[in-house]
Each structure stands twice: as C-alpha cells, then as structure tokens.
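Undergrad: I'll drop the sequence and a predicted model, then ask my questions.
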Amino acid sequence: MSRFAYVNGLYLRHPEAVVHVEDRGYQFADGVYEVCEIRGGRLIDEALHMARLERSLKELRIAQPMSLGALGVVLREVVRRNRVHDGLVYLQITRGVAPRNHAFPAEGTPPSIVVTAKSSPRSAGDLRAEKGVSVITVPENRWDRVDIKTTSLLPNVLAKQAAKEAGAYEAWFVDADGKVTEGSSTNAWIVTMDGGIVTRPAESGILRGITRTVLFEVAKAAGLRIEERAFSLDEAKAAREAFISAATAIVTPVVEIDGHPVGNGAPGTVATELRRRFHEFAAEAPARSRGG
Ligand code: PLP
C-alpha cells in the first residue's frame, strides 16, 4: 500500500513528500512536533496533544499555521489515507523556509507543516509489555527547556542509540544529583517497596508527557496514589517496579536497569494494571479523546 504524507497543504505520496533544503527544521531543528497514538482509527488524547503543541509553538515564538480544528482535520485525513487502524500520527511544524541565518526569518514567513502516519500492530507493544524492557542510564546533557517538544533531539538520539547498542530498549537520563529525569522518548516511573507510584514533577527536567498526564487520572480512578517527586538511580534500582510511559509505549514495564534486575526481574503488577486500565480509559473516553 502506498503511503501518504501531508506537506504544506498537499497530500503527497511518500516518495514525493519532501521539504525545501532551507527549511529551518532541516537546518536548525527549529521546530516542534507531536506524536499521537491511533487506536481503532481514533486519535487518542488529541485535545491534550493539541494543547501541548500550542504551548510549544508559543514558547518558541513560531506562528500557529492553522487553527487546531483545521489541524485535526489534516491529522484525520492522513490517518484515513494511510488506512491506519492502530499506529501513530506524527505532526511537525517548523519556522518555515528562509535563507540560512540564525535569527528568525522575516515576519510573515509561513511555518512548514508535515504530517505522516504509520500502522504499528498493537501486538508488538503488548508483547514488549508482557516481557518488560531493559534500560541503561546516560548522563543528562540536554538544555533546560526539555519541557518544549522540539525536534532538537540530538542528545535523545545519541542516548537511544547507546541503549540500542547495549541491547536495551530505552536510556534514562540521570542528572548531576543522581536523579533520573526521563527517558530519551519516554517518561520514567518507579513503584516503591511500599507501593508508592513515583514520577518526577513536570516543572523541570522533563517533558510533560500526555500519557503521564492521563495516568494521573487512570491511577486516581483505580484508587492508586502517585507521588510527584524526583527519584534517584539508586532508588530506582532498589524499587519494586519501574516503567516507562509515552504515546508510543503506553505503560511498558522496565525489568532491568543498567543490568540490575528491577524487583523480581519480571513486569510488575502495578505497571501491568495501569497499562490495562489506560486502554480501558481511552476506550471509555471518546469525547475526551476528540477534545469534546
Ligand atoms: N519524554 C520525552 C523526552 C519524549 O520524547 C516523550 C515522547 O515523545 C515523552 C516523554 C512522553 O510523552 P507522551 O506521553 O506525550 O508521548
């Protein structure tokens, strides 16, 4: 099946879907993005993703290229044209095309928009969650605006590659105080020996993941308590459970950190339950997911 992408107003076949060599996304990573899960052909937590997109654009002073409603139409059309039932939709907005110069281009330069979508069978993620994944750790070396979902992801790319080369699924960044910040493309969580679910506050050092945000609601509905505080690598290694969250991973148990088994080395019950409930929650909340 041929794939389609949306590029600046046009739905193009993949081989023809290209951007200009002087796009600021290409030259400076001067752009923002969102990745949204698609389940049963439906965008999950669209309203929350759109709100974060708006914030990222505002923080970087990139003009909003179209209304969120219009953007939603484009996202759905790309999903439809690619016949994605379960998978991901990717949206990127850059500061547009202009002669290379670090300073912003002339006022009125239109931002560039690219949207792609791909199928990914649910079974692959489910299998990964059933087995659990390994993480390695790397020193935190990112800028202090990781709250912005920008396409400037070089440290994250290098961290993920280091994980891959070590046979692990994810790399957790650890800051100068020995505290885990987050993964290269996921938020990090632990479950303490007394059952506390712990994740770092989103005020600094992490991206406020949409999955993370929704997990607060899921946990509340399940009568589970989440503590928002920084946790150290040592605490993580001694935890009963650990897991990661993202639109691409939902909740995926971590069974090994830097070669040390977490808990009994198998996926934990809290992570497994949160994963199960996340999907129930998404299925039960079509209005919320549509932004209604
Ligand atoms: N942290 C980082 C650095 C990420 O790149 C991502 C997702 O791409 C997340 C956390 C999780 O965010 P979300 O739950 O919105 O996918």
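TA: Nice, thanks for sending it over.

Undergrad: whether stretch 75-92 contacts the ligand - can you check?
TA: No - using Cβ under 6 Å from any ligand atom, stretch 75-92 never reaches the ligand; the gap is at least 9.6 Å. Backbone N, C-alpha and C define where each C-beta goes, glycine included.

Undergrad: buried residues in that stretch, which are they?
TA: 75-76, 78-79, 81-82, 84, 86-92 (16 or more other Cβ atoms under 10 Å).

Undergrad: who's in contact with the nearest residue to Tyr169 once chain neighbours are set aside?
TA: Once flanking residues are discounted, Tyr169 sits nearest to Val133: 3.7 Å by Cβ to Cβ, 6 or more residues apart in numbering. By Cβ atoms under 8 Å, 6 or more residues apart in numbering, the residues touching Val133 are Ala168, Tyr169, Glu170, Ile244, Thr252, Pro253, Val254, Val255, Glu256.

Undergrad: read off the pLDDT value for Val133.
TA: Listed pLDDT for Val133 reads 98.

Undergrad: and the gap between it and the ligand?
TA: Applying Cβ to the nearest ligand atom, to the nearest Å, the value for Val133 to the ligand is 15 Å.

Undergrad: which residues does that residue bridge with?
TA: Under DSSP bridges, the beta-bridge partners of Val133 are Val254.

Undergrad: Glu241 too?
TA: Beta bridges link Glu241 to Val191, judged by DSSP bridges.

Undergrad: the one 4 residues further on now?
TA: According to DSSP bridges, the partner residues bridging Ser245 are Asn187, Val251.

Undergrad: so how many other residues sit close to it?
TA: 27 (other Cβ atoms under 10 Å).

Undergrad: next one: Arg225
TA: Arg225: 11 surrounding residues under other Cβ under 10 Å.

Undergrad: now do the one 3 residues further on
TA: Look at Glu228: counted by other Cβ under 10 Å, it has 13 neighbours.

Undergrad: swap in Asp23?
TA: Asp23 has 21 neighbours, counted by other Cβ under 10 Å.

Undergrad: right, and it touches Ile113 too?
TA: No - Asp23 is not in contact with Ile113 according to Cβ atoms under 8 Å; the separation is 10.9 Å.

Undergrad: domain ranges for the protein?
TA: Split into domains by automatic domain parsing, the chain comes to 4-120, 125-287.

Undergrad: smallest distance to the ligand belongs to which residue of the stretch 1-150 of the chain?
TA: Proximity of the stretch 1-150 of the chain to the ligand (Cβ to the nearest ligand atom) peaks at Val35, 5.6 Å away.

Undergrad: which residues touch that residue?
TA: Neighbouring residues of Val35 by Cβ under 8 Å, 6+ apart: Leu88, Val89, Tyr90, Leu91, Ala247, Thr248.

Undergrad: just the closest of these to Gly183, please.
TA: Using Cβ to Cβ, the shortest approach to Gly183 within the contacts of Val35 belongs to Thr248, at 10.7 Å.

Undergrad: isn't that closest one right up against Glu37?
TA: Yes - shown here, Thr248 and Glu37 form a contact pair, counting by Cβ under 8 Å, at 7.4 Å.

Undergrad: what touches both of those two?
TA: Contact criterion Cβ under 8 Å, 6+ apart; residues shared by Thr248 and Glu37: Leu88.

Undergrad: so those two - more neighbours on which side?
TA: Set Thr248 next to Glu37 and count neighbours by other Cβ under 10 Å: Glu37 wins out with 25 against 16.

Undergrad: secondary structure element holding the more buried one?
TA: Glu37 is part of strand 31-39, with elements assigned from DSSP states H and E.

Undergrad: just Glu182 next, same as before
TA: Per DSSP H and E: strand 180-183 holds Glu182.
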